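Visitor: give me a 3D structure for the following:
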Amino acid sequence: MNNKDSPKTRLKLKYFSAAVEQMADDVVIANKDGIIEYVNPAFEQTTGYTKEEVLGKTLRVLKSGLHSAHFYRNLWETILAGKTFRHIIINKKKNGELYHADHTITPMKDAAGEIAHFVAIWKDITERVRYREELEALNKSLQFEKQKFDQILDLEERIGTFVDLNKLVDFIVNGIAGILEVERCSLMLLDEKTGELVIKGAVGLDHKIMRENRPSLGEGVAGLVAKERKSLLVEVIDADERIGRENLPSYRTKSFLSVPVMLDHKLLGVVNVTDKKSPGSEVFTDFDLKILLAIVRQAAVALENAELYKELKYLTVTDPLTNLYNYRHFMRTLEYEISRFHRFGDALSLLIMDIDDFKEYNEAQGASRGDEILKRMGDILNKHLREVDIICRYASDEFAVILPETDVSEAKTIARKINKAVARLDPTKKFTLSFGLASCHKGMNRHDFILKADAALTHAKRHGKNQIYCQDKLNAG
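Guide: Numbering: from 1, shown residues only. Okay, the predicted model is just below:
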């Protein structure tokens with residue numbers, strides 16, 4: 001009797017067959033050409049195919065299309081060499097659903113030692129793979145969050161070291177832009193006199209917009225945030241009913257954040273960020289808002305401290321008669337503005353003005369009357385110049401104005417307005433001013449800039465007074 005036909009062998013085969021039939025793992029037996037000759041019930045349950053649908057076919061019916069030709073070539077080379085192939089393969093069920101399967105394909109040899117069949121056993125590990133991917137994503141997210149919070153802590157440590165408001169604002173907007181990975185960020189402070197929001201510092205904004213955009217409370221997005229004192233996270237501006245307008249063409253993306261800067265229920269301003277450039281998504285998230293709020297809380301304290309320092313410092317940098325900045329502050333501020341000019345390239349002008357024939361008036365009317373005229377002159381300059389302009393008492397009856405982001409033409413317009421207002425200083429006398437105007441150029445230092453404006457003023461005085469002279473244009477205004 002052949003051993004294959006012995007009762008003992010048949011019993012073993014019966015038990016083996018029953019075990020395979022009841023296995024929870026999918027089992028497929030194929031011949032050496034890959035034609036399916038057997039599948040167990042678990043296969044039918046997993047794939048959705050019946051036994052009759054796959055017998056006589058190859059395992060290509062399960063092919064997902066997500067593996068390369070090189071992958072399958074390596075599979076066949078391995079099993080045809082008589083070795084077991086083990087790999088996670090993405091299969092496709094009858095209904096098109098994809099799943100991850102942990103495959104083991106083993107070659108079976110006949111009595112002659114030739115490969116006759118392949119036995120493929122696999123189990124669906126989709127949930128395990130998904131769980132692992134979620135853990136990896138969570139771990140990556142935690143690492144990302146830790147990195148962001150480390151950056152915030154570093155910013156918080158440094159933000160308290162600034163007492164100069166302009167430098168502090170620049171540090172804040174650059175810090176926010178870097179941590180949130182955005183192309184545009186602006187910090188607007190509330191002008192309590194006008195009730196308007198003024199852009200004090202920005203990254204990625206046109207300087208014309210910075211000068212001209214001054215929304216009132218309730219006006220525009222920033223005005224709305226300032227009025228309601230509530231943060232705004234917008235994913236798609238076109239679809240957000242709170243905004244009620246389409247995205248402006250100057251913005252690259254449609255998502256933005258706008259947050260009020262508050263300290264002890266007092267509104268200091270608003271921070272706006274847009275055009276997110278992180279590789280993951282261009283849409284801002286609650287986590288982004290959380291980061292921004294953390295920074296803004298520290299920024300509010302630092303801004304308030306800078307303002308308090310500014311008030312204390314005011315006594316040492318102002319002229320006691322006119323309440324304008326004194327010569328020392330003028331020199332220090334001019335140095336800073338020139339450095340900004342060399343960094344950003346925006347226009348920078350300097351006006352030095354002199355009250356015509358003031359010495360004679362002072363001698364005729366007395367020093368007290370002369371002092372009153374100088375005080376009124378300070379009031380006129382404050383009234384007709386912007387908050388960003390730096391107004392100084394340069395000498396006895398000379399005044400200097402540093403005009404950031406202002407070209408020669410704009411400076412002349414400002415000078416004419418001042419001269420017109422000065423004419424009404426005293427009803428008994430029509431006062432006039434002579435102006436020396438200079439525009440900053442590449443390579444120019446503080447000494448050169450002042451010398452140029454002073455020379456222009458001297459020219460204006462020597463050639464008739466009551467005029468604006470600029471050496472750049474070689475003409476009077």
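Visitor: quick check: buried residues in stretch 414-428?
Guide: Taking 16 or more other Cβ atoms under 10 Å as the basis for neighbour counts, the residues of stretch 414-428 that come out buried are I414, A415, I418, N419, A421, V422, L425. C-beta here means a position set from N, CA and C on the backbone, and glycine is covered the same way.
Visitor: oh, I was asking about stretch 213-233
Guide: Using 16+ other Cβ under 10 Å as the burial criterion, the residues of stretch 213-233 that qualify are 213-215, 217, 221-226, 231-233.
Visitor: for these, which two are the farthest from each other?
Guide: For the buried residues of stretch 213-233, the farthest-apart pair by Cβ to Cβ is R214 and L233; their separation is 24.3 Å.
Visitor: what's the lowest-pLDDT member of the buried residues of stretch 414-428?
Guide: Between the buried residues of stretch 414-428, the one the model trusts least by pLDDT is L425, at 80.
Visitor: what's the pLDDT at the residue lying closest to that one once chain neighbours are set aside?
Guide: The shortest distance from L425 to any residue that is not its chain neighbour, by Cβ to Cβ, 6 or more residues apart in numbering, is 4.7 Å, and that residue is F431. Reported pLDDT at F431 in the predicted model: 90.
Visitor: check K465 too.
Guide: According to the prediction, K465 has pLDDT 92.
Visitor: that one and A423, how far apart?
Guide: Counting by Cβ to Cβ, to the nearest Å, the gap between K465 and A423 amounts to 13 Å.
Visitor: stretch 71-81: how far from the chain's middle?
Guide: Relative to its chain's centre, stretch 71-81 lies at 50 Å (Cα atoms, centre = their mean, to the nearest Å).
Visitor: do stretch 29-36 as well
Guide: Distance, stretch centre to chain centre, for stretch 29-36: 59 Å (Cα atoms, centre = their mean).
Visitor: send me that stretch as PDB with only the CA atoms.
Guide: Extracted as PDB, the C-alpha positions of stretch 29-36 are listed here (Å, rounded to 0.1, in the frame of the first residue of the first chain):
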ATOM      1  CA  ILE A  29      -2.900  27.500  -3.000                       C
ATOM      2  CA  ALA A  30      -1.700  28.200  -6.500                       C
ATOM      3  CA  ASN A  31       0.200  26.100  -9.000                       C
ATOM      4  CA  LYS A  32       3.700  27.000 -10.200                       C
ATOM      5  CA  ASP A  33       2.200  29.300 -12.900                       C
ATOM      6  CA  GLY A  34       0.200  31.200 -10.200                       C
ATOM      7  CA  ILE A  35      -3.200  29.800 -11.100                       C
ATOM      8  CA  ILE A  36      -5.400  29.500  -8.000                       C
END
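Visitor: quick one: average pLDDT of that stretch?
Guide: The predicted model gives stretch 29-36 an average pLDDT of 92.
Visitor: switch the buried residues of stretch 414-428 over to CSV; also include secondary structure.
Guide: Rendered in CSV, the data for these read as follows (DSSP: H, G, I helix; E, B strand; the rest coil):
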residue, secondary structure
I414, helix
A415, helix
I418, helix
N419, helix
A421, helix
V422, helix
L425, coil
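Visitor: so which residues of this protein form helices?
Guide: Counting by DSSP state H, one finds helices in the chain at the ranges 7-22, 41-47, 51-54, 69-80, 126-159, 165-180, 207-212, 220-228, 286-317, 327-344, 358-365, 367-384, 408-422, 446-462.
Visitor: ramachandran coordinates for K93?
Guide: Dihedral angles phi and psi of K93 (degrees, to the nearest 10) take the values phi -80, psi 170.
Visitor: likewise for L385?
Guide: Here the main-chain torsion angles of L385 (degrees, to the nearest 10) amount to phi -120, psi 160.
Visitor: tally of neighbours for it?
Guide: 17 (other Cβ atoms under 10 Å).
Visitor: repeat that for the one 4 residues further on.
Guide: Neighbouring residues of D389 were enumerated by other Cβ under 10 Å; the total is 18.
Visitor: list the contacts of it.
Guide: Under the criterion of Cβ atoms under 8 Å, 6 or more residues apart in numbering, the contact partners of D389 comprise V401, I402, L403, P404, T406.
Visitor: and stretch 37-46, how far apart are its ends?
Guide: 18 Å (Cα to Cα, to the nearest Å).
Visitor: return the set of buried residues in it.
Guide: Those buried within stretch 37-46 under the rule 16+ other Cβ under 10 Å are Y38, V39, N40, A42, F43, E44, T46.
Visitor: repeat that for stretch 48-66.
Guide: Taking 16+ other Cβ under 10 Å as the basis for neighbour counts, the residues of stretch 48-66 that come out buried are Y49, V54, L59, L62.
Visitor: for the last one, give me its contacts.
Guide: For L62, the contacting residues are T47, N91, K92, K93, by Cβ under 8 Å, 6+ apart.
Visitor: hmm, which two among those residues are most spread apart?
Guide: Greatest spacing in the contacts of L62, by Cβ to Cβ: T47 and K92 (8.6 Å).
Visitor: neighbour count: the two, which is higher?
Guide: When T47 and K92 are compared for neighbours, T47 comes out ahead with 24 against 16, by other Cβ under 10 Å.
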